[in-house]
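[1] Got a predicted model here, sequence first, then my questions.
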Amino acid sequence: MGTQVYTVIYEADPEGGFVASVPALPGCYSQGDTLEEAETNITEAIVLYLESLKEEHKELPQDHIWQGRVQVAV
């Protein structure tokens, strides 16, 4: 069994905690009260997502996400 790396985006939830999403895996989201909990939960969500694709004999998506930061004058 090999490994795959996916980009995960973490966003602070205004009501507390963090929401995690995986752009390469549409609909793959999770959350946690802390960043560590969100990371644990999104890792489990990714594993389940990929297992579902394997069971359906579908190709595993590749992560072609690049992220950066842009500074603008305000």
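    Great, that's in hand. Just so it is clear, the model here is predicted, and its values are computed rather than measured.

[2] what about stretch 26-45, how long is it end to end?
    Stretch 26-45 has an end-to-end distance of 12 Å (C-alpha to C-alpha, to the nearest Å).

[3] what's the answer for stretch 19-29, then?
    7 Å.

[4] Enumerate the positions of it that are buried.
    20-22, 24-25, 28 (16 or more other C-beta atoms under 10 Å). (C-beta placed from N, C-alpha, C; glycine too.)

[5] Widest-spaced pair of the residues you listed?
    Ala20 and Ala24 (13.1 Å; C-beta to C-beta).

[6] Please report the distance of Ile42 from Val74.
    From Ile42 across to Val74, the span is 32 Å (C-beta to C-beta, to the nearest Å).

[7] wait, Glu39
    Glu39 is 31 Å from Val74, by C-beta to C-beta.

[8] got the residue ranges for the strands in the protein?
    Listed in chain order, the strands of the chain (DSSP state E) span 9-12, 18-21, 29-32.

[9] Return the distance of the residue most central in space within the chain relative to Gln67.
    Taking C-alpha atoms, centre = their mean as the criterion, Val22 is the residue nearest the geometric centre of the chain, at 2.7 Å. To Gln67, Val22 is 13 Å away according to C-beta to C-beta.

[10] quick revisit: list the residues that contact the closest residue in space to the residue nearest to the centre of the chain that isn't next to it in sequence.
    Spatial nearest neighbour of Val22, chain neighbours left out: Cys28 (4.3 Å); criterion: C-beta to C-beta, 6 or more residues apart in numbering. Cys28 makes contacts with 21-22, 42, 45-46, 49, as judged by C-beta atoms under 8 Å, 6 or more residues apart in numbering.

[11] could you redo the last one with a cut-off of 6 Å?
    By C-beta atoms under 6 Å, 6 or more residues apart in numbering, the residues touching Cys28 are 22, 45, 49.

[12] do the same with Glu56
    Going by C-beta under 6 Å, 6+ apart, the list of residues near Glu56 is empty.

[13] Please determine how far Ile9 is located from Lys54.
    Distance, Ile9 to Lys54, by C-beta to C-beta: 24 Å.

[14] mind listing the helices for the protein?
    35-55 (DSSP state H).
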